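K.L.:
task: produce atomic coordinates for the following.
(2 chains)
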Amino acid sequence: MSTATLAGRDVHVDAEGFLTEYDEWDDDLAKVLAANIGVDLTDEHWAAIRFLREDFVAEGETPTLRRVTNVGGIATKDLFRLFPGKPAKKMAYIAGLPKPVGCV
Amino acid sequence: MSTTLDTAPIPSFEDEDSGPRKIAIICSKGSLDMAYPGLVLANAALGEGIETHMFFTFWGFDIINKKTLDHLQFSPVGNPATHMPTALMGLPGMQAFATHMMKKQIEGLDVPAVPEFLDLITDAGGHLWACRMSADMMHLDEDDLHDEVEGIISASDFMELSKGAQLLFI
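P.N.:
This next block holds a predicted model:
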């Protein structure tokens, strides 16, 4: 584990750059993380990120895309539009969570 | 062991080393246990930003045939996965029982049933194609197939569209 400076403070990150401490994340950090990967945050993005954060606390793991759709109520098509290419991993990165481990 | 970095690494979400990836999955079998590997892998590929094509041929047609897609069966006869004597597996009711068990396990993992899985894949941008020869053999046309199937295409059409793709035959 390493510490790095993001948004003017020291945070813990893994080798790829994903945050490893749930409580070190806040909205300002999310904006920096989003900008790092070229995502411009809108209300729709925030809704997905808030769901990820809440579901992680409830379930102890990062939700898969299917769970964000079924439980979080955000259509799969919209997730691919908001976080193009690799939506599950991009959302997890911005939300300061580990990559999801589920297969589906 | 903790180290301090000057700048935080940024994960790479692109495949800049090898260019965009593309995968084509040929689904040739229509039993419940042979349908899932293709569906799971196609969905995973899409989640990784990989252009994904599924080509349904021969018995794989059952996965996209509106009449059968929600009624795929797990056949325990001659299937070593059951770890049971083959003589028992042929008894009446055994296939229905095995199918029921497998569906329950899949549902327990929160993995979608076949119709919903096909919708999930096409919502994620996946492409579904049907095999011309199989359609002709089974006297089926596009109206008989899942609505998101983009077309009934020949084997050579498939060769063209899978140009540059990684191939998987199931």
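K.L.:
all contacts plus neighbour counts: C-alpha atoms, from now on.
P.N.:
Fine.
K.L.:
what residue in chain A comes nearest to chain B?
P.N.:
Using Cα to the nearest Cα, residue A:85 is the residue of chain A that sits closest to chain B, at 4.0 Å.
K.L.:
where does that residue sit: helix, strand or coil?
P.N.:
coil (DSSP: H, G, I helix; E, B strand; the rest coil).
K.L.:
is stretch B:29-43 positioned near chain A?
P.N.:
Yes: Stretch B:29-43 is in contact with chain A by Cα under 8 Å from any Cα of the partner chain, via B:40, B:43.
K.L.:
circling back to that earlier point, which stretch of helix or strand covers the nearest residue to the residue of chain A closest to chain B once chain neighbours are set aside?
P.N.:
Spatial nearest neighbour of residue A:85, excluding adjacent residues (Cα to Cα, 6 or more residues apart in numbering or on different chains): residue B:49 at 4.0 Å. Residue B:49 belongs to no helix or strand when assigned by DSSP states H and E.
K.L.:
what is the burial count for residue B:104?
P.N.:
As a burial measure, residue B:104 scores 12 neighbours (other Cα atoms under 10 Å in any protein chain shown).
K.L.:
quick one: it from residue B:25, how far?
P.N.:
Distance from residue B:104 to residue B:25, counting by Cα to Cα, to the nearest Å: 26 Å.
K.L.:
low-confidence stretches in chain B?
P.N.:
B:1-2, B:6, B:15-19 (pLDDT under 70).
K.L.:
how about the residues of it that lie near chain A?
P.N.:
So chain B meets chain A at B:1-11, B:13, B:40, B:43-44, B:46-50, B:111, B:120, B:123-125 (Cα under 8 Å from any Cα).
K.L.:
just the buried ones out of these, please.
P.N.:
Buried members of the residues of chain B next to chain A, counted by 16 or more other Cα atoms under 10 Å in any protein chain shown: B:8, B:11, B:40, B:43-44, B:46-50, B:111, B:120, B:123-125.
K.L.:
CA atoms only for stretch B:147-156, dumped as PDB, please.
P.N.:
This file holds the C-alpha atoms of stretch B:147-156, laid out as PDB (Å, rounded to 0.1, in the frame of the first residue of the first chain):
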ATOM      1  CA  ASP B 147     -36.000  -9.200 -30.900                       C
ATOM      2  CA  GLU B 148     -32.400  -7.900 -30.500                       C
ATOM      3  CA  VAL B 149     -30.900 -10.400 -32.900                       C
ATOM      4  CA  GLU B 150     -29.400  -8.100 -35.600                       C
ATOM      5  CA  GLY B 151     -29.700 -10.500 -38.500                       C
ATOM      6  CA  ILE B 152     -29.500 -14.000 -39.900                       C
ATOM      7  CA  ILE B 153     -26.100 -14.200 -41.600                       C
ATOM      8  CA  SER B 154     -24.100 -16.800 -43.500                       C
ATOM      9  CA  ALA B 155     -20.900 -18.400 -42.400                       C
ATOM     10  CA  SER B 156     -18.900 -16.200 -44.700                       C
END
